[in-house]
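Novice: My questions are about this predicted structure, shown below with the sequence.
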2 protein chains.
Amino acid sequence: MILIFTGNGKGKTTAAIGQGIRAIGQGKKVFMIQFIKSESWPTGEEKVIRELAPRFTLVKGGKGFVGIMGDKLPREVHKAAAEKTLELAKEEILSRKYDLIILDEVNVALSLHLISLEELLDILRNLPQDLDIILTGRGAPKKLIQVADLVTEFREIKHPFQKGVFAKIGLEY
Amino acid sequence: MILIFTGNGKGKTTAAIGQGIRAIGQGKKVFMIQFIKSESWPTGEEKVIRELAPRFTLVKGGKGFVGIMGDKLPREVHKAAAEKTLELAKEEILSRKYDLIILDEVNVALSLHLISLEELLDILRNLPQDLDIILTGRGAPKKLIQVADLVTEFREIKHPFQKGVFAKIGLEY
């Protein structure tokens, strides 16, 4: 089954992690690979997920925010990292070692044209049977929504950043 | 900070669990108490959360679906359970033992008039400083949204139940 968590509201990545927690509790094996997000920004969730290995595996394949928040990396560096991340995702999908695979922020990588939508659609058309896959990130393209079984749009109704509050440890990362 | 995850889309409870995972990874203590959901329906997430005790504590205070899915319990039984759950939530909030408290499905308990909105608002007006609280469930009332700092609406864009697919182990529970 293909699930998409998209929209501009908070909770997409944490919802995917919660799905991973639920799945391993039912004896399933989970692989989560993150686009955009990089090793250089440690998050609370990764410390806990590492404890849950090998049931839950996390790989951070990104190079950080692209073109915002002081990012000074050339676009080619982000593009190469995203393409490598998609390549690794494909390998793990085809390995049949997992029951649930999460491509975190893949929609953002698509929106920024760091990876090819056609390549991702091709991977999704050839998913092993019984594998569930969750695609997160704002701005999921229509073609992706068409092939998905379940899509939730996370809509921001209210956010403290609107009031100028900064990211809070343990809540935002 | 008061966070609300509402709307008819999938992912609200798993997003709250993911927030809990993130928080304990940053050294925080988390307490999750579930309205509606009962001990008699074991979920994947609870097995993993129990492993993470005492950093992450889960209490299921409900008696199951109310008035649907073959529920035959008198309404008074559901109401008494929900009131007891809110009472316990209040105690744990005031105990200052936790950094994050999740009231799962509390919005549903409110919509069904199993608990009093005024009582919940009163608890929220007297939250200990630095405590974060997440309220989940569809149908969050306007008065609750007004006092929240962050609100995400989970909108169902597509759901396999629309096509007659049944709940899948590891994904839905």
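Specialist: Sure thing, it's come through. Numbers count the residues shown, from 1 in each chain, chains lettered A, B, ... in the order given.
Novice: What's the end-to-end length of stretch A:35-50?
Specialist: For stretch A:35-50, the separation between the terminal residues is 18 Å (Cα to Cα, to the nearest Å).
Novice: The residue nearest to A:A81 when sequence neighbours are not counted and B:Q26, how far apart?
Specialist: Spatial nearest neighbour of A:A81, chain neighbours left out: A:K63 (4.7 Å); criterion: Cβ to Cβ, 6 or more residues apart in numbering or on different chains. (Glycine included, C-beta is placed from N, CA and C.) Distance of A:K63 to B:Q26, computed by Cβ to Cβ, to the nearest Å: 23 Å.
Novice: just A:D132 next, same as before
Specialist: A:D132 is 28 Å from B:Q26, by Cβ to Cβ.
Novice: quick one, which of these two is more surrounded?
Specialist: A:D132 (22 against 19; other Cβ atoms under 10 Å in any protein chain shown).
Novice: ok, the more buried one - contacts?
Specialist: A:1-3, A:23, A:99-101, B:170-171 (Cβ atoms under 8 Å, 6 or more residues apart in numbering or on different chains).
Novice: quick one: A:G9 and A:R155 touch, right?
Specialist: Yes. At 5.0 Å, A:G9 counts as touching A:R155 under the criterion of Cβ atoms under 8 Å.
Novice: okay, and the common contacts of the two?
Specialist: Here A:G9 and A:R155 have B:152-154 as joint contacts, going by Cβ under 8 Å, 6+ apart.
Novice: out of those residues, who's near chain A?
Specialist: B:152-154 (Cβ under 8 Å from any Cβ of the partner chain).
Novice: Longest helix in chain A, please.
Specialist: Ranked by residue count under DSSP state H, the longest helix found in chain A is helix A:75-95.
Novice: Using PDB, write down the CA coordinates of the longest strand seen in chain A.
Specialist: Taking DSSP state E as the criterion, chain A has its longest strand at strand A:150-158. Written as PDB, here are the backbone C-alpha positions of strand A:150-158 (Å, rounded to 0.1, in the frame of the first residue of the first chain):
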ATOM      1  CA  LEU A 150      -4.100   6.600   1.200                       C
ATOM      2  CA  VAL A 151      -3.400  10.400   1.200                       C
ATOM      3  CA  THR A 152      -3.600  12.700   4.200                       C
ATOM      4  CA  GLU A 153      -3.100  16.400   3.800                       C
ATOM      5  CA  PHE A 154      -1.700  18.000   7.000                       C
ATOM      6  CA  ARG A 155      -3.200  21.500   7.000                       C
ATOM      7  CA  GLU A 156      -1.700  24.200   9.200                       C
ATOM      8  CA  ILE A 157      -4.500  25.900  11.000                       C
ATOM      9  CA  LYS A 158      -2.400  27.600  13.600                       C
END
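Novice: the strands in chain A, which residues?
Specialist: A:2-6, A:30-34, A:56-60, A:100-104, A:132-136, A:150-158.
Novice: Please name the bridge partners of the residue nearest to the spatial centre of chain A.
Specialist: Compute the mean C-alpha point of chain A, and by Cα atoms, centre = their mean the closest residue is A:D104, 0.3 Å away. Beta-bridge pairing for A:D104 (DSSP bridges): A:Q34.
Novice: Does it touch A:I33 like I think?
Specialist: Yes. Counting by Cβ under 8 Å, A:I33 is a contact partner of A:D104 at 6.9 Å.
Novice: a markdown table please, covering the strands of chain A and showing distance to B:V147.
Specialist: As requested, the strands of chain A are exported to a markdown table (distance: least, Cβ to Cβ, whole Å):
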| stretch | distance to B:V147 |
| --- | --- |
| strand A:2-6 | 26 |
| strand A:30-34 | 33 |
| strand A:56-60 | 35 |
| strand A:100-104 | 31 |
| strand A:132-136 | 29 |
| strand A:150-158 | 10 |
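Novice: Dump those to TSV, plus mean pLDDT.
Specialist: Shown next, in TSV, are the strands of chain A (pLDDT from 0 to 100):
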stretch	mean pLDDT
strand A:2-6	98
strand A:30-34	98
strand A:56-60	97
strand A:100-104	98
strand A:132-136	98
strand A:150-158	96
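Novice: Contact partners for the closest residue to A:K84 other than its chain neighbours?
Specialist: Using Cβ to Cβ, 6+ apart and skipping residues adjacent in sequence, the residue nearest A:K84 is A:G61, 6.5 Å away. Counting by Cβ under 8 Å, 6+ apart, A:G61 touches A:33-35, A:81-82, A:84-85, A:88.
Novice: try it again with 7 Å
Specialist: A:G61 makes contact with A:33-35, A:81, A:84-85, A:88, according to Cβ atoms under 7 Å, 6 or more residues apart in numbering or on different chains.
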